[in-house]
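Colleague: everything below, folded, please.
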Amino acid sequence: MKILIQGSILRAMALPLSFLALHSAGAQDKPDKTPPPRDESAIDDPRVQHRTYKFEAAGGIETPYALFVPSTYDSARPAPLMVALHGLGRQYDWLMGYHGMLDLAERDGFIVTTPLGHDRRGWFGSHENGETGRLSELDVINVVGLIRDEFNVDADRIYLWGHSMGGAGTYHLAAKYPDLWAGLGVAAPAPSVDPDQLERFQHLPILVLQGDQDKLVTRTREWVTKMKEIGMEHVYIEMKGGDHSLFISQNPVMMAKIFAFFEIARKN
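Modeller: Numbering: from 1, shown residues only. Below you'll find the model as predicted:
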């Protein structure tokens, strides 16, 4: 493992005919136009809350997000919040199943949320994909707002990280909302833009994880070089023999590095 240190996501279901048969002609004249939830969950763990909210900007569709709240949460004390963004095509709660994620969040007292990003392929706004991208970005920000309204979240300890497509989303949302986050993390990030984007959030510390045998993402070193050039505080960990997915999703040691990094990153 090579370490370089620089500086300090409910399936949409058609209504059964028996349901329709119970409704009168009057009810059929005024059908419920509210779309059903769209994305199924992936994780069956009692510690994970599977929630939805009405996404008004997307036509009122019930949009899912997953939430973990540590057993030690005390509303009298501000808690750190970790926002985690999934990879391309994955379910909204996919990252909750990464080995060590929930155990580490429990240990360190982190609230964790995994938004869908409106669409499994929405890219969290990081691609020029029109309305889908705009809604994908907005969904993440909405979920952060919902959690901050419900829980006592430490405003100096809101962290963002993502894997693959989620890494691209992390770069984008850091550039778009640079004053929201206390620290960032990316694992095999897949941005489609130039690393000059980093200059928009160069004040934020970032952890970069990459497998050296990743055949899908090959530009990470270029971005790390840019981080060095602009004096951005960063930690780069390149895993020898690491692939694109399993090096992080099934590796609690790598997950622990994310939590350790966020333990020391603060806004103030």
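Colleague: now the helix or strand hosting residue 225: how far from the chain's centre is it?
Modeller: Assessed by DSSP states H and E, residue 225 sits inside helix 220-229. Mean C-alpha position of helix 220-229 versus that of the full chain (Cα atoms, centre = their mean, to the nearest Å) differs by 22 Å.
Colleague: swap in stretch 174-191?
Modeller: Counting by Cα atoms, centre = their mean, stretch 174-191 comes out at 10 Å from the chain centroid.
Colleague: give me the average confidence score over it.
Modeller: Here stretch 174-191 scores 97 as its mean pLDDT.
Colleague: now that stretch: buried residues?
Modeller: 174-175, 177, 180-191 (16 or more other Cβ atoms under 10 Å). Where you see a C-beta, it was placed from the backbone N, CA and C, and this is true even at glycine.
Colleague: lowest-scoring secondary structure element of this structure by mean pLDDT?
Modeller: Lowest mean confidence among the helices and strands of the chain (mean pLDDT, DSSP states H and E): helix 17-21, at a mean of 27.
Colleague: before we move on, back to that, out of the buried residues of stretch 174-191, name the ones that lie in helices.
Modeller: Among the buried residues of stretch 174-191, the residues falling in helices (DSSP state H) are 174-175.
Colleague: wait, which of the buried residues of stretch 174-191 is closest to residue 205?
Modeller: residue 183 (5.0 Å; Cβ to Cβ).
Colleague: I'd like the distance between the closest one and residue 132.
Modeller: 28 Å (Cβ to Cβ, to the nearest Å).
Colleague: got any ranges where the stretch 101-250 of the chain has weak pLDDT?
Modeller: For the stretch 101-250 of the chain, applying pLDDT under 70 flags no range at all.
Colleague: now do the strands in it.
Modeller: Secondary structure of the stretch 101-250 of the chain, counting by DSSP state E, counting those that start in this stretch: strands at 111-115, 153-163, 183-187, 206-211, 234-239.
Colleague: could these go into CSV alongside distance to residue 128?
Modeller: Below are those laid out as CSV (distance: least, Cβ to Cβ, whole Å):
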stretch, distance to residue 128
strand 111-115, 20
strand 153-163, 18
strand 183-187, 20
strand 206-211, 23
strand 234-239, 26
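Colleague: looking at those, which is closest to residue 266?
Modeller: Nearest to residue 266, of the strands of the stretch 101-250 of the chain and by Cβ to Cβ, is strand 153-163 at 5.5 Å.
Colleague: what angle separates the closest one from strand 111-115?
Modeller: Angle, strand 153-163 to strand 111-115, by axes from the mean of the first three to the mean of the last three Cα atoms, to 10 degrees: 50 degrees.
Colleague: so which bits of the helix holding residue 225 are buried?
Modeller: By 16+ other Cβ under 10 Å, the buried positions in helix 220-229 come out as 220, 223-224, 226-227.
Colleague: with stretch 43-50 instead?
Modeller: By neighbour count with 16+ other Cβ under 10 Å, stretch 43-50 contains the buried residues 43, 47-48, 50.
Colleague: residue contacts, the spatially most central residue of the chain?
Modeller: Centroid-nearest residue in the chain: residue 85, 2.0 Å away (criterion: Cα atoms, centre = their mean). With contact set as Cβ atoms under 8 Å, 6 or more residues apart in numbering, residue 85 has these partners: 95, 114-115, 117, 124, 140, 160-163, 165-167, 169-170.
Colleague: what does residue 44 give?
Modeller: Residue 44 neighbours (Cβ under 8 Å, 6+ apart): none.
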